[in-house]
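1. sequence and predicted structure below; questions after.
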Amino acid sequence: MYYILFYKTVADYIERRTQYRAEHLALAQKAKESGHIVMAGALAEPADGAVLVF
């Protein structure tokens, strides 16, 4: 069974995420390596949403 988490972003999401991005990506990579996350990513360019599949 899989679960999907949808992120909805705010207008200035790209600017606001900067200080957290490195830690967020490191944690996501660790979850992927352990098999907890199957795939993840942004939904548009620029990102107006994102998903994580567990």
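-> It's in.

2. tell me who's in contact with the residue nearest to Y2 when sequence neighbours are not counted.
-> Once flanking residues are discounted, Y2 sits nearest to V53: 5.7 Å by C-beta to C-beta, 6 or more residues apart in numbering. (Each C-beta comes from the backbone N, C-alpha and C, glycine too.) V53 makes contact with Y2, Y3, I4, L5, I37, V38, M39, A40, according to C-beta atoms under 8 Å, 6 or more residues apart in numbering.

3. in JSON lines, list those along with secondary structure, neighbour count and pLDDT.
-> Output for the contacts of V53, formatted as JSON lines (DSSP: H, G, I helix; E, B strand; the rest coil; neighbours: other C-beta atoms under 10 Å; pLDDT from 0 to 100):
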{"residue": "Y2", "secondary structure": "coil", "neighbour count": "7", "pLDDT": "96"}
{"residue": "Y3", "secondary structure": "coil", "neighbour count": "8", "pLDDT": "97"}
{"residue": "I4", "secondary structure": "strand", "neighbour count": "11", "pLDDT": "97"}
{"residue": "L5", "secondary structure": "strand", "neighbour count": "11", "pLDDT": "96"}
{"residue": "I37", "secondary structure": "coil", "neighbour count": "17", "pLDDT": "97"}
{"residue": "V38", "secondary structure": "coil", "neighbour count": "13", "pLDDT": "96"}
{"residue": "M39", "secondary structure": "strand", "neighbour count": "11", "pLDDT": "95"}
{"residue": "A40", "secondary structure": "strand", "neighbour count": "18", "pLDDT": "94"}
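
4. possible to save those as CSV with distance to Y13?
-> Putting the contacts of V53 into CSV (distance: C-beta to C-beta, whole Å) gives the following:
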residue, distance to Y13
Y2, 25
Y3, 23
I4, 19
L5, 16
I37, 20
V38, 23
M39, 20
A40, 16
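
5. which one of these is nearest I14?
-> A40 (16.9 Å; C-beta to C-beta).

6. return the set of residues that bridge with the closest one.
-> Assessed by DSSP bridges, A40 has beta-bridge partners L52.

7. cheers, nothing more for now.
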